[in-house]
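> kindly generate the corresponding structure for this input.
(2 chains)
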There are 2 protein chains.
Amino acid sequence: RPIRAVSVGRGRGRLALVGLGPGDRVWRTAEVDRLLQEATHLVGYRGYLDLVEERPGQARHAYELGEEVERCRDALELAAAGHRVALVCSGDPGIFAMAAPVVELIERGEHPAFGRLELLVSPGVSALQAAAARVGAPLGHDFCAISLSDLLTPWTVIERRLQAAAEGDFVTVLFNPASGRRRQGLIRALEILARSRPPATPVILARKLGRAGEAVSLHTLGSFDPDAVDMLSLVIVGARSTRIVERPARPPLVVTPRGYPSGGGG
Amino acid sequence: RPIRAVSVGRGRGRLALVGLGPGDRVWRTAEVDRLLQEATHLVGYRGYLDLVEERPGQARHAYELGEEVERCRDALELAAAGHRVALVCSGDPGIFAMAAPVVELIERGEHPAFGRLELLVSPGVSALQAAAARVGAPLGHDFCAISLSDLLTPWTVIERRLQAAAEGDFVTVLFNPASGRRRQGLIRALEILARSRPPATPVILARKLGRAGEAVSLHTLGSFDPDAVDMLSLVIVGARSTRIVERPARPPLVVTPRGYPSGGGG
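Sure thing, here's the model as predicted:
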């Protein structure tokens, strides 16, 4: 342990943003494993740190939900003090996770050392990819990802994005689709998409991906029940060309074909 | 080797679609490593198979560019014959790769065994994530991914998606932005996005991610040169809120902030 501390030294700090993927250890990349091993300090939401093996001599700084800026600042400060820090994210750090608030803190320049740090973003499998993989190929063609959280984004902006997703006929991945207090946005999102997509359009609901209790279920836009959605859910709404493929003795698959065959529809 | 062959047997075949990630071995997941090890047959584009370590007793079926349907059919047929097959993709199999054509072939029902197979899609880091990671957090908020290849999709559909991406102010990831014979689509795409985004909007050009000769460069919508783009490139055009963050003695970063702070702009 002392050896590690000496080898680091002040001014040689590094902040690595690592994406664990969605829960399951098998979806973690080799680079993320290495960065977690090399870190002297792990910072992150308590639930994500619980997914990382304990290592002797490695300090842990666990944060609660909602303390996003606090954990980013802590990670930057530890790295500025010369430590090798891993800021632990679920999924991919760059997709609705901690990469953006970290870069915003660097931009704000609270501490001049933040801008001189070695910053490394190590990608991970996003929940959108894991959910898609479980049912085949719903993201087989153009898609968009929209967060329905109105915590930092006015609903008018979110609604404009949903309208654009509808007009562009994108496969639409809804992040943060609902929470305890918030479900009206999801209902509105489904309404907007249903105006230009048939009721038979596949909808995928994924919960607790890669974790105990994982549930990925297949619905249609016409029959989807928004009450089945909670904070731990991801929702994917198919495009007009997205289809369900039934199989004998196997669960059905979903595909968004790569192209539009001449003659259309098929 | 014989032991492996016996343990497989007819009717117990499995097709695993594995995503290597964009080139670099360190971005591969543990699940993909395991599936590659377990496979008796590897199928894929020659250039991707070259990235996988040789294993004794493992057959390789290398295909050239353009033979997408052929390699998917071959993989399905080998699995239907009882083999453990890995169809090797770059990036993520579900994002502009082989998951969609495989599910389409299952749907078509050329061979009844295709529908009874064990099919496994194993996600990988997509080029869009790797490109974003190299520059910080350009995908920090809502984004869309559009393929500019008009091989299977009429240009009118692509252009409608680009218009929608502009209207929705999505960070816009352009897959297959250009090839030897095709560059006009990219020029048109940049024109459409430039109508509603300022000339200072960051544009990221990523080539050969995770491979020898990797080049990730930062441009603006006003100064971007479409001639710098080729078949091996990925282009990310920022949203109106996307900013370049300069750092002393470090390369600049890119961030799309998570929210719209009251007062706007900042």
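
> strands of the stretch 1-150 of chain A, start to end?
A:14-19, A:41-45, A:59-63, A:84-89, A:118-122, A:136-137, A:143-147 (DSSP state E, counting those that start in this stretch).

> pull the distance from stretch A:27-47 to the chain's centre.
Computed by CA atoms, centre = their mean, to the nearest Å, the chain-centroid distance of stretch A:27-47 equals 16 Å.

> ends of it, how far apart?
With CA to CA, to the nearest Å as the measure, the first residue of stretch A:27-47 is 17 Å from its last.

> please give me every residue in contact with the closest residue to A:Ala249 other than its chain neighbours.
Distances taken as CB to CB, 6 or more residues apart in numbering or on different chains put B:Arg116 closest to A:Ala249, at 6.0 Å, once the chain neighbours are dropped. Yep, even glycine has a C-beta here, placed from its N, CA and C like the rest. For B:Arg116, the contact set (CB atoms under 8 Å, 6 or more residues apart in numbering or on different chains) comprises A:Arg247, A:Pro248, A:Ala249, A:Arg250.

> one step back: so which of the strands of the stretch 1-150 of chain A is the most packed in?
Mean neighbour counts were compared across the strands of the stretch 1-150 of chain A using mean count of other CB atoms under 10 Å in any protein chain shown; the top stretch is strand A:136-137, at a mean of 30.

> quick one: strands adjacent to that strand?
Here strand A:136-137 is paired, per DSSP bridges, with strand A:250-255 (parallel).

> can you count the residues close to the residue found closest to A:Leu221 once you drop the neighbours it is linked to in the chain?
In space, and not counting its chain neighbours, A:Leu221 is closest to A:Thr201: 4.2 Å by CB to CB, 6+ apart. The number of residues packed near A:Thr201 is 23, by other CB atoms under 10 Å in any protein chain shown.

> how close does A:Thr201 sit to chain B?
Note on A:Thr201: its distance to chain B, by CB to the nearest CB, to the nearest Å, is 16 Å.

> next: A:Val237.
Taken as CB to the nearest CB, the span from A:Val237 to chain B is 14 Å.

> check A:Val26 too.
According to CB to the nearest CB, A:Val26 and chain B sit 4 Å apart.

> sorry, back to before: show the buried residues in the contacts of B:Arg116.
For the contacts of B:Arg116, a burial check counting by 16 or more other CB atoms under 10 Å in any protein chain shown picks out A:Arg247.

> show only the entries of the contacts of B:Arg116 found in strands.
A:Arg247, A:Arg250 (DSSP state E).

> and which of the contacts of B:Arg116 is nearest to chain B?
A:Arg247 (4.3 Å; CB to the nearest CB).

> please report how far the residue nearest to the closest one when sequence neighbours are not counted lies from B:Leu105.
Take A:Arg247 and drop its neighbours on the chain: the residue closest to it by CB to CB, 6+ apart is B:Gly115, 4.3 Å away. From B:Gly115 across to B:Leu105, the span is 10 Å (CB to CB, to the nearest Å).

> and the helices in chain A?
Residue ranges of the helices in chain A, as given by DSSP state H, are A:2-8, A:30-38, A:46-49, A:68-80, A:99-108, A:127-135, A:155-167, A:184-194.

> residues contacting the residue nearest to A:Arg247?
Counting by CB under 8 Å, 6+ apart, B:Gly115 makes contact with A:Arg247, A:Pro248, A:Arg250, B:Ile106, B:Gly109.

> specify which member of those residues is nearest to B:Gly66.
Of all the contacts of B:Gly115, B:Gly66 sits closest to B:Ile106, with 21.6 Å by CB to CB.

> next, count neighbours for the closest one.
25.

> and the residue nearest to A:Arg161 when sequence neighbours are not counted, what's its pLDDT?
Excluding the flanking residues, the one nearest A:Arg161 by CB to CB, 6+ apart is B:Gly168, at 4.5 Å. pLDDT for B:Gly168: 98.

> and A:Arg1, by the same measure?
Listed pLDDT for A:Arg1 reads 25.

> go ahead and confirm A:Ala137 touches B:Val103.
Yes: counting by CB atoms under 8 Å, A:Ala137 does reach B:Val103; the two are 4.6 Å apart.

> quick check: neighbours shared by those two?
A:Leu253, A:Val254, A:Val255.

> now for A:Leu205, how many residues are close by?
By the measure other CB under 10 Å, the count of residues near A:Leu205 is 21.

> show me what contacts A:Ala194?
Applying CB under 8 Å, 6+ apart to A:Ala194 gives the contacts A:Thr201, A:Leu221, A:Gly222.

> now do A:Glu104
Per CB under 8 Å, 6+ apart, neighbours of A:Glu104: B:Val255, B:Pro257, B:Arg258.

> same list, these, but as TSV with pLDDT and neighbour count please.
Below are those laid out as TSV (pLDDT from 0 to 100; neighbours: other CB atoms under 10 Å in any protein chain shown):
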residue	pLDDT	neighbour count
B:Val255	98	28
B:Pro257	96	21
B:Arg258	86	24
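
> quick check, nearest of those residues to B:Ala59?
Distances from B:Ala59 to the contacts of A:Glu104, taken by CB to CB, are shortest for B:Val255, at 46.5 Å.

> measure the closest residue to that closest one other than its chain neighbours to A:Gly109 for me?
Computed as CB to CB, 6+ apart, the closest residue to B:Val255 that is not its neighbour in sequence is A:Val103, at 3.9 Å. From A:Val103 over to A:Gly109 the distance is 12 Å, taken as CB to CB.

> for stretch A:70-83, list every residue counted as buried.
For stretch A:70-83, using 16+ other CB under 10 Å, the buried residues are A:Arg71, A:Cys72, A:Arg73, A:Asp74, A:Ala75, A:Leu76, A:Glu77, A:Leu78, A:Ala79, A:Ala80, A:Gly82, A:His83.

> would you reformat those as a markdown table and include distance to B:Leu20 and pLDDT?
Converted to a markdown table, these look like this (distance: CB to CB, whole Å; pLDDT from 0 to 100):
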| residue | distance to B:Leu20 | pLDDT |
| --- | --- | --- |
| A:Arg71 | 32 | 96 |
| A:Cys72 | 31 | 97 |
| A:Arg73 | 36 | 96 |
| A:Asp74 | 35 | 97 |
| A:Ala75 | 30 | 98 |
| A:Leu76 | 32 | 97 |
| A:Glu77 | 36 | 97 |
| A:Leu78 | 33 | 97 |
| A:Ala79 | 30 | 97 |
| A:Ala80 | 35 | 95 |
| A:Gly82 | 36 | 95 |
| A:His83 | 33 | 97 |
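
> now the two most distant members of those.
Greatest spatial distance among the buried residues of stretch A:70-83 (CB to CB): A:Arg71 and A:Gly82, at 19.0 Å.

> neighbour-wise, which of A:Val103 and A:Gly109 wins?
Neighbour count, other CB under 10 Å: between A:Val103 and A:Gly109, A:Val103 has more, with 29 against 11.
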